[in-house]
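Peer 1: sharing a sequence plus its predicted fold:
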Amino acid sequence: MYLSTILRTILISLGVLCLIAAKILASTPDTYGLSSRASATAGLVTFSSPDPFLTYQNPAYLTQAQKLQTSVGIMSTSDFFNPIEGVVTQNGASGKSLETGNFQTNYSNLMGLNFGLIIPLGSATLRNTWPKVTMGVTGFLPFGSLASVNTSENYVPIYALYYNRPKRFSLISGGAVELFENFSLGAAGNFYLTSGANTKIDINSKNSSVAVAMDIKPAVSPILSSRYTWNEWSFDLSYHGALDYQMVLENHSDLALFGNPVPVVEFLAKTSMFYDPAMIGAGISHMFKNGLQLGMHLDWKNWERYRTSLNQMTITNPADMKSSLPEIQFKNIVTPSIGVEFPLWATFLRAGYHYEPQHVVSQEENSNFIDTPVHVASLGIGRTFDNFTVDLHLQYHYLTPQLITKSDPEAVGYKAGGYQVGGSLLNYGLTLGTSF
């Protein structure tokens, strides 16, 4: 009886942990963009017409706005990932018997609402002089929930950058000032939360109880940027601080034996539920006489400091119970992007390309963090009707095929001859905008 009670206590404790831990890597703004125009041009900001998405990418460009602007849009995805079938699904490393089977790769699709606002401060006369001051807000609201959190062991193979496809509410706000003619500085904050929880479970024959105390605190990831224009050229620099939605869970469980409380399970778990790496970006663009705009951008991303979910769990009771997860080593990467926009009367034709290198340097045999280089090609079209705009985009994410092989026949993910990962994803959407 006491043994079953102890096991039930452990399951309850770990169950609470599973409810709050997740593997979600990339954010919606960085993976897809927050407007159809940005999504169609690979997220580039070096264009003359202002877009509320600039509040995230490079707020210094907000000073281009001459009028108040609003935007609202819808975004969705469809994925086509290679299935993972006939592999070892569990083994002794996870405390289970050796079994083979399939892993689910048909993740629930992302769908949500993007929004934006640009507010130039001062009268219309003052906006034509400098210093110009402009405020901006942009964000993403997923349908169904503010954040979708699902946990998974590091042993389970997942397409890491797309697992649970960053379904979380995003809010970025900031401003810019044109200090000198053709030179602007911008600053913004990417707002998120950090949280901690304490659970205490008291198991006894008369009045068993579970007490949970959670503390949720606001946090902000800074965004700093600059912009300089010269003739028909534009140059920009930006810095994005790391966004680390940390979660700390501490548990203390007691079992009443002969009238005295006996500690059964005590553990401390730390995790990054959501994570965006620190980034430094630089871009250049040129506007040709026919209105064609061509831009290029490079972003350095500090993935080396990423800590996987459930990265640390210390169990003090029972004395011999330990937590050991497969080790994964990440590396910093540089991601290039190129975008183009061509005006055709009141219509704008757009295209872009973005390359996301592999993030993982190495991982242990029982780790199945699927990470392949990704090519992103995009197309878009926009139409202007006086003060009203309609923009459409389509992104195609191509995951470079890779053969996953393991030397240990009992490792999770093992399959004789290996198995191939890869696939593709479509992201598409519509954005409506107005100016006053």
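Peer 2: It's in.

Peer 1: contacts only, for Ser97.
Peer 2: Contacts for Ser97 were tallied using Cβ atoms under 8 Å, 6 or more residues apart in numbering; they are Gln90, Asn91. C-beta: built from backbone N, CA, C; applies to glycine.

Peer 1: now it: how far from Phe183?
Peer 2: Applying Cβ to Cβ, to the nearest Å, the value for Ser97 to Phe183 is 66 Å.

Peer 1: just the strands in the stretch 151-300 of the chain please.
Peer 2: Taking DSSP state E, counting those that start in this stretch as the criterion, the stretch 151-300 of the chain contains strands spanning 158-159, 170-180, 183-203, 209-230, 233-240, 243-257, 260-276, 279-287, 293-301.

Peer 1: and what of the stretch 1-150 of the chain?
Peer 2: The residue ranges that make up the strands of the stretch 1-150 of the chain, judged by DSSP E, counting those that start in this stretch, are 69-81, 84-90, 99-103, 111-120, 133-142.

Peer 1: out of those strands, which is closest to Arg383?
Peer 2: Distance to Arg383, taken as Cβ to Cβ, is lowest for strand 69-81 among these, at 14.2 Å.

Peer 1: in its sheet, what does the closest one sit against?
Peer 2: Partners of strand 69-81 in the sheet, by DSSP bridges, are strand 111-120 (antiparallel), strand 419-435 (antiparallel).

Peer 1: buried ones in the longest one, by neighbour count?
Peer 2: What that stands for is strand 419-435. Burial within strand 419-435, assessed by neighbour count using 16 or more other Cβ atoms under 10 Å, is assigned to Tyr419, Val421, Gly422, Gly423, Leu425, Asn427, Tyr428, Gly429, Thr431, Gly433, Ser435.

Peer 1: do the shortest one as well
Peer 2: Taking 16+ other Cβ under 10 Å as the basis for neighbour counts, the residues of strand 111-120 that come out buried are Gly112, Asn114, Phe115, Gly116, Leu117, Ile118, Ile119, Pro120.

Peer 1: tell me the mean pLDDT for stretch 390-399?
Peer 2: When pLDDT is averaged along stretch 390-399, the result is 96.

Peer 1: residues making contact with that stretch?
Peer 2: By Cβ under 8 Å, 6+ apart, the list of residues contacting stretch 390-399 reads 32-33, 35-37, 39-40, 73, 81, 159, 162, 348, 350, 372-383, 421-433.

Peer 1: for it, list every residue counted as buried.
Peer 2: For stretch 390-399, a neighbour-count test (16+ other Cβ under 10 Å) marks Asp391, Leu392, His393, Leu394, Gln395, His397, Leu399 as buried.

Peer 1: with stretch 408-421 instead?
Peer 2: Ala411, Val412, Gly413, Tyr414, Lys415, Tyr419, Val421.

Peer 1: just the ones in strands from the residues you listed, please.
Peer 2: Using DSSP state E, Tyr419, Val421 are the members of the buried residues of stretch 408-421 that sit in strands.

Peer 1: ok, the buried residues of strand 419-435 vs Arg305, which is closest?
Peer 2: Within the buried residues of strand 419-435, distances to Arg305 taken as Cβ to Cβ reach their minimum at Val421, with 25.2 Å.

Peer 1: that closest one reaches Glu85, doesn't it?
Peer 2: No - between Val421 and Glu85 no contact is recorded; they are 11.7 Å apart, counting by Cβ atoms under 8 Å.

Peer 1: hang on, the earlier thing: nearest to Asp244, of the buried residues of stretch 390-399?
Peer 2: Comparing the buried residues of stretch 390-399 against Asp244 with Cβ to Cβ picks out His397 as the nearest, at 24.7 Å.

Peer 1: in space, what's closest to the closest one - neighbours in sequence excluded?
Peer 2: Once its chain neighbours are removed from consideration, His397 has its nearest residue in Leu425; the separation is 4.1 Å (Cβ to Cβ, 6 or more residues apart in numbering).

Peer 1: ok, residues contacting stretch 375-383?
Peer 2: Contacts of stretch 375-383 with the rest of the structure, by Cβ under 8 Å, 6+ apart, involve 36-37, 39-42, 346-356, 389-398, 400.

Peer 1: measure Thr63 to Tyr245 for me?
Peer 2: Applying Cβ to Cβ, the value for Thr63 to Tyr245 is 31 Å.

Peer 1: just want to know which of those two has more residues nearby.
Peer 2: More neighbours sit around Thr63 than around the other of Thr63 and Tyr245, counting by other Cβ atoms under 10 Å; the figures are 27 against 21.
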